[in-house]
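# Structure of the sequence below:
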Amino acid sequence: MSRWKPPRPKSSPYITSEGYKTLESELKNLWDKRKHVVKAITAAAAEGDRSENAEYIYRKKELRGIDYRIHFLQKRLPSLTIVSKKPDNQDIIFFGAWITLEKENGDEVTYRIVGPDEHDSAKGFISMDSPLAKALLKKTVDDKVSIKNEFQQSSYFVINIQYR
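Below you'll find the model as predicted:
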């Protein structure tokens, strides 16, 4: 049995200006954190036998994770397109819109369609590559949106569209 996995599909290259600034600050913070981790590795390596040095092994693993994320951000940031302009027709759902939806049971939820690099369910940010966002794009107020996956089917009504 092989461990080969097919590559993930490329995510959309769009991001809000706030999301871009967040990724830039994350990259800067990672470089600062990397300096401290390298100092800790140097100190742990000076203690002697590295094969049984838990601090050294842990810090090397931490450094690999930091380097992976730095490499990813350095490749990803130049390829992103910052979308800061509001659309001409603000009655239609496009990237960056805040959408209020009514579920079938009457509950209301609010989401913002953002790029895949800045999605955060706690803030209500959904990726434009998600099934819900794909179904919402180019809809207007009072449209019905249905999403079906292997577990359930959900329906929503678009109540409000805002661009802040």
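# top strand in this structure by residue count?
Longest strand in the chain by number of residues (criterion: DSSP state E): strand 153-162.
# For it, which strands pair with it and how are they oriented?
strand 98-103 (antiparallel), strand 144-148 (antiparallel) (DSSP bridges).
# Name the surrounding residues that touch the first one.
The contact list for strand 98-103, computed with Cβ atoms under 8 Å, 6 or more residues apart in numbering, reads 93, 108-113, 136, 145, 154-164. (Each C-beta comes from the backbone N, C-alpha and C, glycine too.)
# Restricted to buried residues, select the residues you listed in ChimeraX.
Buried subset of the contacts of strand 98-103, written as a ChimeraX selection, criterion 16 or more other Cβ atoms under 10 Å:
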select :93,111,112,113,136,145,154,156,157,158,161
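# tell me the domain boundaries of this protein?
Annotated domains of the chain cover 14-82, 98-162 [automatic domain parsing].
# quick one: terminal-to-terminal distance for the first one?
Think domain 14-82. Distance between the two ends of domain 14-82: 6 Å, counting by Cα to Cα, to the nearest Å.
# what does the shortest one give?
End-to-end distance for domain 98-162: 5 Å, by Cα to Cα.
# how far does that domain sit from the chain's center?
Centroid displacement of domain 98-162 relative to its chain, using Cα atoms, centre = their mean, to the nearest Å, is 16 Å.
# now do the longest one
Domain 14-82 has its average C-alpha position 18 Å from the chain's average C-alpha position, going by Cα atoms, centre = their mean.
# thinking again about what came up before, now tabulate the domains of the chain in TSV and tack on distance to S2.
Converted to TSV, the domains of the chain look like this (distance: least, Cβ to Cβ, whole Å):
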stretch	distance to S2
domain 14-82	23
domain 98-162	25
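# Which among the ones you listed is found nearest to R3?
domain 14-82 (18.2 Å; Cβ to Cβ).
# and the closest one, average pLDDT?
The average pLDDT for domain 14-82 rounds to 94.
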